[in-house]
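**Student:** here is the input, now give the coordinates:
(chains A and B)
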Amino acid sequence: MRKTRILLADDHKLIRGGLRLLVEQQTDLTVVGEANDGRETVSLAKSLKPDVVVMDIGMPNLNGIEAALQITEAHPEISIVMLSMHSDESYVLRALKAGAKGYLLKDSAESDLIKAVHAVADGKSFFSPAVSKVLLDDYVRKLKRSGAEDAYDLLTPREREILQLVAEGKSNKDVANLLNLSVYTVETHRSNIMEKLHLRGIPELILFAVRRGIIS
Amino acid sequence: MPAFSKNAAPALRRTSREDEPEAQRHSQHLRQLLLISFSWLLALLIGAGVDALLAVRRLDRASQEVSRRFTVRNHALGTIVISVRYYDDQLERFLLQDQLQESGPDPAEVTNKIAAVRAALLDYPPDGDPDEQLLLAAMQQQLQEQETSCAIVLAWRSDLRQKRAYQFIGQQLIPWRTRIFELSAQISSQEERRLAVENLTVATRFQSLESRLVWLVSLSLVAGVLMSLVCGWYILRLERQARLRYEALARSRLELEGLSARLVEAQEEERRNISRELHDEVGQSLGALLVEVGQLGKLVPPEDRATQAQIVQIKSVAESAVKSIRDIALLLRPPMLDDLGLVPALEWQAREISRRSDMEVEVHSENVSETLSDETKVTVYRLVQEALNNAATHASAKNARVTIAQNSDKITVKISDDGQGFDPGRQRGMGILGMEERVRRLGGTLTIASAPGKGATVEAELPLHKADSP
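**Tutor:** The predicted model follows:
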């Protein structure tokens, strides 16, 4: 069986060392390179073509967000797990917009890194549980204070189903096949969901799904 | 920190502290001197004026007295001469009444006329000088003689009159009359001489008054010019002092501004450094430690409960250390500004405050470019941070709203809350001063609108520089 090839990017050698240690305990994973900053990450990603890039969000010389944008633009097949200290939605949303599939808090890297790498290598998303919790807390607090109703309650069961599938990274066609619907119907559902939840774009949709624990 | 900021301020204080009492005493003396001089000048002017006025009045009175005296004597003398002429005339007519064959006057009438002459002589002011008195006495004596001979003549009967009239007229009356007229002419000329002398006296006095006036006016003029010079010098000195003081003030204000600008810069730089150090060194080491401890936990067999518990304990201590260091680093210099840009960082901050306090913060942004200069980003960020912190901690606001909008040449940030509010004219804490300083450094304006019970709105307008252009 082919090992999943991983590129580690962090400007701290200690962290990289710790991550490498974690990865190399797994038989199906291998570290193919280490990058010290954003620029090196982009160039190594282009030359090594890893399956997964595990990358710190705040690096010198091109931060993780910019690096992720450049990598996914040139090689959309490469999955990116973003490592971050921050569970705030600004970061999560930016990471998602930059094309990251996984978002991992550094505190929980030790327990979640392997899960995250496996998930994104399979084309799924992965978010640290703590992130989902913070996002949900923020959302609930805001609803409570503003007295607004939870837009999620407005969704029909079918819409919820479609929301989950889209958030998991499925295309309209995949969803149509899975649910035995026409692509056109799926598209209509999708735009209804976006409108009800006041969302702009897939990254916000994924963020919403993470917040509600629909995906992890 | 440049050297001048250390040296300039104490030097400034020393000059102002030690020289001031002396300078004050000096200028107080000068003021007193000026006041006294002005009083003297004024007294001199008033004295000269009053003196001149009195002298003129005295002179006028003297001159009037002289002319009155002359007129009175002249008049009296005229009366004497006329009465003498009447009397002569009457006496002649009395003596010649037979020759002229017309009735002459009564002897009583003639006596009346001579009485009139006597009265006129008595009327003449008796206060003349000795020469005049002598002349008058001579006149009186003549009159006396005349009266005596007249009494005899008046007793003459017609025949005697016819015989002796011409003789009497020729030998007695004409010489007497001539004598009287001579005397009167002498008195008159004496009076005229006297008038001339008195007029001369008046003229002399007038001249002396004139010269005194000239002297006084010159004195006042000189004093006035001197005073003006002193005053002019004093005013120039005051002006110079005021200018020097103003310059010193402007200089120290400039220094202060430079100092506080550098202070803000230094603070920001220091925060950034500490934040980076904390995050990079301590935070990362702790992160690595966590990974290592996790590894260790896997190496220890699960049966070894005590060691496992110890490892869990170590992990939780390390985790809480990581968390506090992260919180401190975030407060000092949020990496969001560098990682995500201004608006996401503001949104993060808004949520952070919403999480920590009872205040819900909304952020609205319009056209905010991602390429703002670091200074602008930091300034906006700190403004919002300060204003929101004030709203949450001091004003107990429930809602706050941050609006940030950018157009071609400026960026406008507005933070409003529904808290207790305050009086911006009176309450100005360090926070507001800090905000003002930051905004002023970038050449922007800061407006704080608030009133007790009315919430608060902080609005800043920052001009955009080349580095900020989208």
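
**Student:** pLDDT weak spots in the chain?
**Tutor:** Because you didn't say which chain, this covers chain A. A:1, A:216 (pLDDT under 70).

**Student:** wait, chain B was what I had in mind.
**Tutor:** For chain B (pLDDT under 70), the answer is B:1-20, B:427-430, B:466-470.

**Student:** centroid-nearest residue for it?
**Tutor:** residue B:235 (11.8 Å; C-alpha atoms, centre = their mean).

**Student:** tell me what the host helix or strand of that residue is packed against?
**Tutor:** Residue B:235 belongs to helix B:174-276 when assigned by DSSP states H and E. Counting contacts by 3 or more C-beta pairs under 8 Å, 6 or more residues apart in numbering or on different chains; DSSP states H and E, helix B:174-276 is packed against helix B:3-95, helix B:130-155, helix B:305-332, helix B:430-441. Glycine gets a C-beta too; all of them are placed from N, C-alpha and C.

**Student:** for chain A, find the nearest of these.
**Tutor:** helix B:305-332 (5.6 Å; C-beta to the nearest C-beta).

**Student:** list the buried residues in the helix or strand that the closest one is followed by.
**Tutor:** Remark: after helix B:305-332, the chain's next helix or strand is helix B:336-339, criterion DSSP H and E. Residues B:336-337, B:339 are the ones in helix B:336-339 that count as buried (16 or more other C-beta atoms under 10 Å in any protein chain shown).

**Student:** how far off helix B:3-95 does the helix holding residue B:235 point, in degrees?
**Tutor:** 170 degrees (axes from the mean of the first three to the mean of the last three C-alpha atoms, to 10 degrees).

**Student:** now do helix B:174-276: distance to the chain's middle.
**Tutor:** 17 Å (C-alpha atoms, centre = their mean, to the nearest Å).

**Student:** give me the subset of the buried residues of helix B:336-339 touching chain A.
**Tutor:** The subset of these within reach of chain A, by C-beta under 8 Å from any C-beta of the partner chain, is B:336, B:339.

**Student:** quick check: angle from the helix holding residue B:235 to helix B:430-441?
**Tutor:** Helix B:174-276 and helix B:430-441 meet at an angle of 100 degrees, taking the same axes, to 10 degrees as the criterion.

**Student:** so of the helices and strands packed on helix B:174-276, which one's packed in deepest?
**Tutor:** Counting by mean count of other C-beta atoms under 10 Å in any protein chain shown, helix B:430-441 has the highest mean neighbour count of the helices and strands packed on helix B:174-276, with a mean of 17.

**Student:** hmm, who's touching the next helix or strand after it?
**Tutor:** Remark: after helix B:430-441, the chain's next helix or strand is strand B:445-450, criterion DSSP H and E. Residues from elsewhere that reach strand B:445-450 (C-beta atoms under 8 Å, 6 or more residues apart in numbering or on different chains): B:383, B:421-424, B:432, B:435-436, B:439-440, B:456-461.

**Student:** and those, which two are the farthest apart?
**Tutor:** Maximum pairwise distance among these (C-beta to C-beta): 23.8 Å, between B:421 and B:440.

**Student:** can you map out the helices along chain A?
**Tutor:** A:13-24, A:38-48, A:64-74, A:89-97, A:109-121, A:129-146, A:157-167, A:172-179, A:183-196, A:202-211 (DSSP state H).

**Student:** quick check: which of those is buried the most?
**Tutor:** helix A:89-97 (a mean of 24).

**Student:** check which helices and strands it sits against.
**Tutor:** helix A:64-74, strand A:79-84, strand A:102-105, helix A:129-146, helix A:202-211, helix B:336-339, helix B:342-356.

**Student:** and of these, who's closest to residue A:161?
**Tutor:** helix A:202-211 (12.0 Å).

**Student:** quick one: residues contacting residue B:416.
**Tutor:** Counted by C-beta under 8 Å, 6+ apart, residue B:416 has contacts B:400-401, B:455-458.

**Student:** now the helices of chain A as CSV including distance to residue B:35?
**Tutor:** Converted to CSV, those look like this (distance: least, C-beta to C-beta, whole Å):
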stretch, distance to residue B:35
helix A:13-24, 84
helix A:38-48, 81
helix A:64-74, 79
helix A:89-97, 74
helix A:109-121, 88
helix A:129-146, 73
helix A:157-167, 93
helix A:172-179, 100
helix A:183-196, 88
helix A:202-211, 83
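
**Student:** domains in chain B, by residue range?
**Tutor:** With domains defined by automatic domain parsing, chain B comprises B:3-234, B:334-468.

**Student:** residue A:215 reaches residue A:125, doesn't it?
**Tutor:** Yes: judged on C-beta atoms under 8 Å, residue A:215 makes contact with residue A:125 at a distance of 5.6 Å.

**Student:** shared neighbours of the two, which are they?
**Tutor:** A:167-168, A:206.

**Student:** quick check, nearest of these to residue B:74?
**Tutor:** Distances from residue B:74 to the shared contacts of residue A:215 and residue A:125, taken by C-beta to C-beta, are shortest for residue A:206, at 138.5 Å.

**Student:** in this structure residue A:62 contacts residue A:36, no?
**Tutor:** No: between residue A:62 and residue A:36 there is no contact under C-beta under 8 Å: 11.4 Å.

**Student:** with adjacent residues omitted, what lies nearest to residue A:3?
**Tutor:** The shortest distance from residue A:3 to any non-neighbouring residue, by C-beta to C-beta, 6 or more residues apart in numbering or on different chains, is to residue A:30 (4.5 Å).

**Student:** nope, residue A:141 is what I meant
**Tutor:** In space, residue A:141 is closest to residue B:354, 6.5 Å off (C-beta to C-beta, 6+ apart).

**Student:** quick one: the one you found from residue B:400, how far?
**Tutor:** Distance of residue B:354 to residue B:400, computed by C-beta to C-beta, to the nearest Å: 9 Å.

**Student:** so those two - more neighbours on which side?
**Tutor:** residue B:400 (28 against 20; other C-beta atoms under 10 Å in any protein chain shown).

**Student:** confirm that that one sits in a strand.
**Tutor:** Yes: with DSSP: H, G, I helix; E, B strand; the rest coil as the criterion, residue B:400 is part of a strand.

**Student:** quick check: it touching residue B:362?
**Tutor:** Yes: between residue B:400 and residue B:362 a contact is recorded at 7.4 Å, counting by C-beta under 8 Å.

**Student:** alright, that wraps it up for me.
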